[in-house]
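# no sequence on this one, just coordinates:
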């Protein structure tokens, strides 16, 4: 497993819409392992493939409490089938927007259809933090960030701050080949 570098705001890659995974193979399973390693190292509870520069519809998450055993989950080509009318507000953060948190209102429950690493379809009924995390990560696959749910003023302030930080940061090493 490899810890991969995270794509950080304002990188335009984060606004790309990810393409479906054609088939679950060893490369997809390796990417899932790398993503989990990267997510745990960060540390975070969810990570979309686009956040490590892979524009495919895959996400990983683990919402187990710190005192519980790890419970890694992989969702390939996830699709929200239903959203509850009831909403919840959770403080959200993002590994691609480090050290920034804001309260976001989302549906309290969702039903998500996806493919697992075994290549089989699964349907998950989620509420609480799992529902929030799934919605947050699926948004990433559609080029949407949690700051898009904030007021324009707050969103613009965050983007300006990260643009300034990006100017002060050396450019990432690009692999050639």
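Cool, the structure landed. Because the structure is predicted, anything quoted here is derived from the model rather than measured.

# would you confirm that residue 80 contacts residue 112?
Yes. Residue 80 lies in contact with residue 112 (CB atoms under 8 Å); the separation is 5.6 Å. Every C-beta, even on glycine, is put in place using the N, C-alpha and C of the backbone.

# what do these two both touch?
Counting by CB atoms under 8 Å, 6 or more residues apart in numbering, the residues touching both residue 80 and residue 112 are 134, 138.

# more neighbours, these two?
Neighbour count, other CB atoms under 10 Å: between residue 80 and residue 112, residue 112 has more, with 20 against 17.

# tell me the contacts of that one?
By CB under 8 Å, 6+ apart, the neighbours of residue 112 are 75, 78, 79, 80, 81, 123, 124, 126, 134, 138.

# how far away is it from residue 21?
Distance, residue 112 to residue 21, by CB to CB, to the nearest Å: 15 Å.

# which stretches in the chain count as helices?
Using DSSP state H, the helices of the chain run over residues 26-41, 128-141, 152-168.

# mind listing residues that contact the shortest one?
Okay, so that is helix 128-141. 14, 17-18, 45-51, 57, 59, 61, 63, 75, 78-80, 88, 90, 92, 94, 96, 104, 106-110, 112, 124, 126, 145-146, 148.

# low pLDDT regions in the protein?
Low-confidence segments of the chain (pLDDT under 70): 169-177.

# can you pull the buried residues of stretch 149-156?
149, 150, 155 (16 or more other CB atoms under 10 Å).

# quick one: contacts for the last one?
Under the criterion of CB under 8 Å, 6+ apart, the neighbours of residue 155 are 147, 148.

# how near is the closest residue to residue 97 other than its chain neighbours to residue 94?
The shortest distance from residue 97 to any non-neighbouring residue, by CB to CB, 6 or more residues apart in numbering, is to residue 9 (5.0 Å). Distance, residue 9 to residue 94, by CB to CB: 8 Å.
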